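In: Need the 3D shape of this:
(one chain, ligands or ions: 1)
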Amino acid sequence: MDGVCRRVGSTFAILRPMTEWTDETAEWYASKYGEYPTNRLAIAALALDPEAIIVDIGCGTGAALRQAAPQVTQGRLIGIDPIDRMVEIARERCRAHPHGARIEIRQGPAEALPVEDGVADLVLAFDSYDHWNDTAAGFAEVRRILRPQGRLVVVKDGGIPGDRAGFIAALAPAGFEIREERQLSEDDVSCMMWVCEVAR
Ligand SMILES: C[S@@+](CC[C@H](N)C(=O)[O-])C[C@H]1O[C@@H](n2cnc3c(N)ncnc32)[C@H](O)[C@@H]1O
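Out: Numbering: from 1, shown residues only. Next comes the predicted model:
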């Protein structure tokens, strides 16, 4: 991992170089970007089933799940992050949220998801997959936990400049292909969203 990238005005910048996520970087990220608008934009763009089981990998503070919770009234919302302090912050923020009681935060990495086989309707990876240590192992785990008709939604702030082919190649070994690709924008924020399914 080279750093955390966020759009700043019209430029896309590496805001803080770092080699790994720690409690300290989790604290920094949560205070600066913990409610980043891409979470709200992407959830608003998805038609969520009220009964869906949703797993958010690299959930950070749990912002995407807090956005989803008012719609997913009968389902389950599970956030996963490997960093101690990030997990604590996510649990604190969800406890304080009106719909937070239905959000469960578990600790673990994308490469070994603490989730049973074949249960998820929707897996989210919002500004996340490029932070995993092993992308191939992470997407294989996504495939393992998804139901056969399940969807993986990848969001990337600013898109993946110059590396779309690399992204598609990373998805392919786990059997995923892109079904929908959209740009989501609001004021200074612009992200790409890819809805992926297992190729049939
Ligand atoms: C840029 S933040 C994005 C957080 C959140 N999804 C959002 O969009 O606000 C990247 C997240 O990936 C997590 N992360 C780091 N290594 C990971 C791994 N191996 N597996 C899953 N998540 C990881 C970090 O702890 C951090 O919460």
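In: use CA for all of it now, contacts and neighbours both
Out: Will do.
In: Quick check: pLDDT value at the nearest residue to Ala68 once chain neighbours are set aside.
Out: Sequence neighbours aside, Ile43 is the residue nearest to Ala68 in space, at 6.2 Å (criterion: CA to CA, 6 or more residues apart in numbering). Per-residue confidence for Ile43 comes out at a pLDDT of 98.
In: which residues touch Ile43?
Out: By CA atoms under 8 Å, 6 or more residues apart in numbering, Ile43 lies in contact with 64, 67-68.
In: which of these has the most neighbours?
Out: Ala64 (26 neighbours; other CA atoms under 10 Å).
In: Tell me the first helix or strand C-terminal of the helix or strand bottoming out on mean pLDDT in the chain.
Out: Within the chain, no helix or strand scores below strand 11-17, which has a mean of 43 by mean pLDDT, DSSP states H and E. Downstream of strand 11-17, the first helix or strand assigned by DSSP states H and E is helix 23-33.
In: Give the buried residues for the next helix or strand after that next one.
Out: Using DSSP H and E, the helix or strand that follows helix 23-33 in sequence is helix 37-45. For helix 37-45, the neighbour count (16 or more other CA atoms under 10 Å) marks 37-43 as buried.
In: Please name the residues that touch Asp23.
Out: 83-86.
In: Check those for burial and list the buried ones.
Out: Among these, those classed as buried by neighbour count (16+ other CA under 10 Å) are 83, 85-86.
In: Could you single out the nearest of the residues you listed to the ligand?
Out: Ile83 (5.2 Å; CA to the nearest ligand atom).
In: so what's the backbone phi/psi at that closest one?
Out: phi -90, psi 130 (degrees, to the nearest 10).
In: How about the residues of this protein by the ligand?
Out: Proximity of the chain to the ligand (CA under 6 Å from any ligand atom) is limited to residues 4, 21, 34, 36, 39, 57-60, 81-83, 109-110, 126-128, 131-133.
In: What about the residues you listed, which are in helices?
Out: With DSSP state H as the criterion, helices contain Asn39 from among the residues of the chain next to the ligand.
In: From the residues of the chain next to the ligand, list the buried ones, please.
Out: By 16+ other CA under 10 Å, those give 4, 21, 34, 36, 39, 57-60, 81-83, 109-110, 126-128, 131-132 as buried.
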